[in-house]
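S.K.: after the sequence you'll find the predicted model.
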Amino acid sequence: MDYNTLMDKNSSIASLPWDEITAIGKEKFEAVPKETLQFAVDPANHDQMFKSALESLQQTNPKRATFEEAEKLVEMMKESAKLVLDARK
């Protein structure tokens, strides 16, 4: 499903204050060192990030502590790190 279709079907999502949400996210990520972001996007670190994500899920939300959920977290962290690194260029 593309972005526009999603927005049409979910008007509540479209009505969110995305400018404010983006600003808050950007502000939060400014404190993250560049090295940390680079670590997250480096494929060589995938296994370590996966293990950490799975352990975190086991501690905080055992029902969601599956390989699939841990992989989703790793991908989300990688994509977020890529976006922040690109924005800093």
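M.R.: Received the coordinates, thanks.
S.K.: what helix or strand is the spatially most central residue of the chain located in?
M.R.: What sits nearest the mean C-alpha location of the chain, by CA atoms, centre = their mean, is residue 76, with 3.2 Å. Taking DSSP states H and E as the criterion, residue 76 maps to helix 67-88.
S.K.: which other helices and strands contact that helix?
M.R.: Helices and strands touching helix 67-88, as assessed by 3 or more CB pairs under 8 Å, 6 or more residues apart in numbering; DSSP states H and E, comprise helix 18-30, helix 34-41, helix 46-60. Glycine gets a C-beta too; all of them are placed from N, C-alpha and C.
S.K.: list the buried ones in the longest one?
M.R.: Applying a neighbour-count criterion of 16 or more other CB atoms under 10 Å, the buried positions in helix 46-60 are 49, 53-54, 57.
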